[in-house]
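A.B. asks: Need the 3D shape of this:
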Amino acid sequence: MTTSRADGLLRRPGASQATFLELFFDLAFVFALAQLSYALVQHLTWSGAFQASVLLLAVWWVWFTTAWITELFDPHRPAIQMLTIAMMVGALMMAVALPDAFGTQGLVFAGVYVAIHIGRDLFLVIALRGHDLRRSTIRGLFWFGLSALPWIAGALVHGPARGALWTLAVALDYAAYVLRHPTPGIGRTPAAQLPSAAEHLAERYRQFYIIALGELILLAGLTMRGTGFTGYRTVAFLVSITTAVLLWRIYIFRAGELLSAAIAAAPDPARRARFAFHTHLTMVAGVVVTSVGAELVIAHPLGHSRPAWAAVVLGGPALFLAGRATFEYVVFARVSRSRLTGLLALAALAPAMPHVPPLLSGVAATAVLAGVAAADAARARRHPPEPLSLRGARP
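C.D. replies: Okay, here's the model as predicted:
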């Protein structure tokens with residue numbers, strides 16, 4: 001392509017809203033997150049939690065890199081549409097293989113993951129010939145080629161060796177982003193080319209978080225359908241839906257609404273965007289763990305609880321609140337006491353919850369979230385809206 005044709009692939013200045021193509025792409029991740037929850041509930045151990053964390057990081061990285069592409073390039077262009085749909089198909093294939101990724105489907109999962117990233121960057125290296133952005137794509141291709149080695153090597157071995165190699169691969173992918181893809185001969189990616197379009201990034205983060213909540217609701221509904229209506233299961237289902245509503249309310253209150261303005265107002269928008277990247281990943285992880293807890297509570301409302309069950313029922317909301325507290329710090333440079341109080345309350349409940357029915361654990365976790373939401377509402381009535389933080393957030 002000539003430079004002018006490459007320029008034709010870029011978004012026009014000011015065209016920063018998310019498009020229907022991006023929403024369509026996100027549909028694959030409802031399935032991916034549901035598969036991740038299924039994998040965790042089937043292996044609710046420390047090793048299962050570790051494996052689920054590695055898989056979530058891989059799934060999130062596919063989503064985020066695609067959001068980066070659709071921030072830079074015009075999703076209305078046929079070439080970008082074809083590229084995005086191809087990555088969506090790849091994400092669906094990863095999701096199908098995900099529950100057995102640490103078993104017999106490891107090569108499928110890792111192979112598709114590598115193909116998505118290397119295939120995308122090869123396409124862009126060709127499409128951007130003669131354009132300044134081509135160097136950024138070459139940097140990405142270099143680093144994904146590097147991380148492909150432990151991804152594929154890990155798929156060819158079994159047991160702890162696969163976990164170790166895939167952890168190394170994920171660490172390479174994320175470290176490359178944080179360090180701005182330092183590459184021999186061409187240096188690092190300029191800060192101006194990192195994801196920093198405030199309106200687009202904020203909207204995409206909010207959309208993915210809503211996708212995660214959709215997975216919670218989907219899993220609760222499917223579990224209820226599979227177990228049938230009984231009095232206690234119906235109560236457990238309603239508690240789970242209430243939890244989803246509270247997770248939405250606490251997320252969106254003030255900080256969630258003002259993320260785009262916070263990124264735009266920062267002295268270094270790319271740095272604040274990187275911080276928002278990490279906080280949203282933590283909150284999404286919290287929602288996934290909460291989904292596992294909801295499934296257990298609905299399926300076994302009065303069953304004999306286990307420490308691992310109590311850990312996910314309380315740990316999911318705790319992980320969300322931890323991410324939400326750091327997210328609030330990004331936007332306002334302070335953390336509400338209600339977030340910290342909620343975390344302390346969940347920690348205080350933890351020793352007793354393995355000794356009570358799962359439904360009671362679910363009610364307790366929901367009550368803590370309700371208290372946080374009520375504190376938010378009270379604060380909004382007592383205090384005027386506060387200014388955004390203009391301090392740069394550390395990545």
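A.B. asks: hey, let's count contacts and neighbours off CA atoms from now on
C.D. replies: Noted.
A.B. asks: Please enumerate the helices of the stretch 151-300 of the chain.
C.D. replies: 160-178, 198-227, 231-251, 259-265, 269-299 (DSSP state H, counting those that start in this stretch).
A.B. asks: In a markdown table, list the ones you listed along with mean pLDDT and mean neighbour count.
C.D. replies: Shown next, in a markdown table, are the helices of the stretch 151-300 of the chain (pLDDT from 0 to 100; neighbours: other CA atoms under 10 Å):
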| stretch | mean pLDDT | mean neighbour count |
| --- | --- | --- |
| helix 160-178 | 95 | 18 |
| helix 198-227 | 89 | 20 |
| helix 231-251 | 95 | 20 |
| helix 259-265 | 73 | 22 |
| helix 269-299 | 90 | 25 |
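A.B. asks: and the ones you listed as a markdown table, adding distance to residue 104?
C.D. replies: Converted to a markdown table, these look like this (distance: least, CA to CA, whole Å):
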| stretch | distance to residue 104 |
| --- | --- |
| helix 160-178 | 12 |
| helix 198-227 | 25 |
| helix 231-251 | 33 |
| helix 259-265 | 41 |
| helix 269-299 | 23 |
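A.B. asks: right, and these - which one's nearest residue 306?
C.D. replies: helix 269-299 (10.6 Å; CA to CA).
A.B. asks: which helices and strands sit right next to the closest one?
C.D. replies: Packing partners of helix 269-299 (3 or more CA pairs under 8 Å, 6 or more residues apart in numbering; DSSP states H and E): helix 20-42, helix 198-227, helix 231-251, helix 259-265, helix 307-332, helix 358-382.
A.B. asks: Pull out the buried positions in the helix or strand following the first one.
C.D. replies: The C-terminal neighbour of helix 20-42 among helices and strands, as given by DSSP states H and E, is helix 46-72. Of the residues in helix 46-72, those with enough neighbours to count as buried (16 or more other CA atoms under 10 Å) are 48-49, 51-64, 66-72.
A.B. asks: swap in stretch 298-305?
C.D. replies: Here stretch 298-305 shows 298-302, 305 as buried, counting by 16+ other CA under 10 Å.
A.B. asks: Next: stretch 108-121.
C.D. replies: For stretch 108-121, by 16+ other CA under 10 Å, it's 108-114, 116-121.
A.B. asks: And that stretch, how far out from the chain middle?
C.D. replies: Distance of stretch 108-121 from its chain centroid, counting by CA atoms, centre = their mean, to the nearest Å, is 19 Å.
A.B. asks: Equivalent analysis for stretch 131-146, please.
C.D. replies: Counting by CA atoms, centre = their mean, stretch 131-146 comes out at 24 Å from the chain centroid.
A.B. asks: still on that earlier bit, out of the helices of the stretch 151-300 of the chain, which comes closest to residue 341?
C.D. replies: Here helix 231-251 is closest among the helices of the stretch 151-300 of the chain (CA to CA), at 14.0 Å.
A.B. asks: now for that closest one, which elements pack on it?
C.D. replies: Helix 231-251 packs on helix 198-227, helix 269-299, helix 358-382, going by 3+ CA pairs under 8 Å, 6+ apart.
A.B. asks: Make JSON lines out of those helices and add distance to residue 170.
C.D. replies: Shown next, in JSON lines, are those (distance: least, CA to CA, whole Å):
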{"stretch": "helix 198-227", "distance to residue 170": "20"}
{"stretch": "helix 269-299", "distance to residue 170": "14"}
{"stretch": "helix 358-382", "distance to residue 170": "32"}
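A.B. asks: mind checking which of those is nearest residue 137?
C.D. replies: helix 269-299 (17.5 Å).
A.B. asks: any idea of the angle the closest one forms with helix 231-251?
C.D. replies: When axes from the mean of the first three to the mean of the last three CA atoms, to 10 degrees is applied, the directions of helix 269-299 and helix 231-251 differ by 170 degrees.
A.B. asks: what about helix 269-299, distance to the chain center?
C.D. replies: On CA atoms, centre = their mean, the centre of helix 269-299 falls 6 Å from that of its chain.
A.B. asks: any idea of the angle it forms with helix 198-227?
C.D. replies: Going by the same axes, to 10 degrees, helix 269-299 makes 10 degrees with helix 198-227.
A.B. asks: re the thing from before, may I see the helices and strands packed on helix 269-299 organised as a markdown table, with distance to residue 277 added?
C.D. replies: A markdown table is the format used below for the helices and strands packed on helix 269-299 (distance: least, CA to CA, whole Å):
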| stretch | distance to residue 277 |
| --- | --- |
| helix 20-42 | 16 |
| helix 198-227 | 8 |
| helix 231-251 | 15 |
| helix 259-265 | 11 |
| helix 307-332 | 9 |
| helix 358-382 | 23 |
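A.B. asks: and of these, who's closest to residue 97?
C.D. replies: helix 20-42 (8.8 Å).
A.B. asks: And the closest one, what does it pack against?
C.D. replies: By 3+ CA pairs under 8 Å, 6+ apart, helix 20-42 packs against helix 46-72, helix 78-97, helix 198-227, helix 269-299.
A.B. asks: Mind listing what's buried along it?
C.D. replies: 22, 25-26, 28-41.
A.B. asks: wait, what's in contact with residue 234?
C.D. replies: 224, 298 (CA atoms under 8 Å, 6 or more residues apart in numbering).
A.B. asks: and what of residue 253?
C.D. replies: Residue 253 touches residue 376, counting by CA under 8 Å, 6+ apart.
A.B. asks: Could I get the buried residue list for stretch 84-103?
C.D. replies: Neighbour-count burial for stretch 84-103, counted by 16+ other CA under 10 Å, picks out 84, 86-88, 90-99, 101-102.
A.B. asks: picking up where we left off before, let me have the helices and strands packed on helix 20-42 in a markdown table, extended by distance to residue 240.
C.D. replies: Supplementary listing: the helices and strands packed on helix 20-42 in a markdown table, determined by distance: least, CA to CA, whole Å:
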| stretch | distance to residue 240 |
| --- | --- |
| helix 46-72 | 21 |
| helix 78-97 | 24 |
| helix 198-227 | 7 |
| helix 269-299 | 6 |
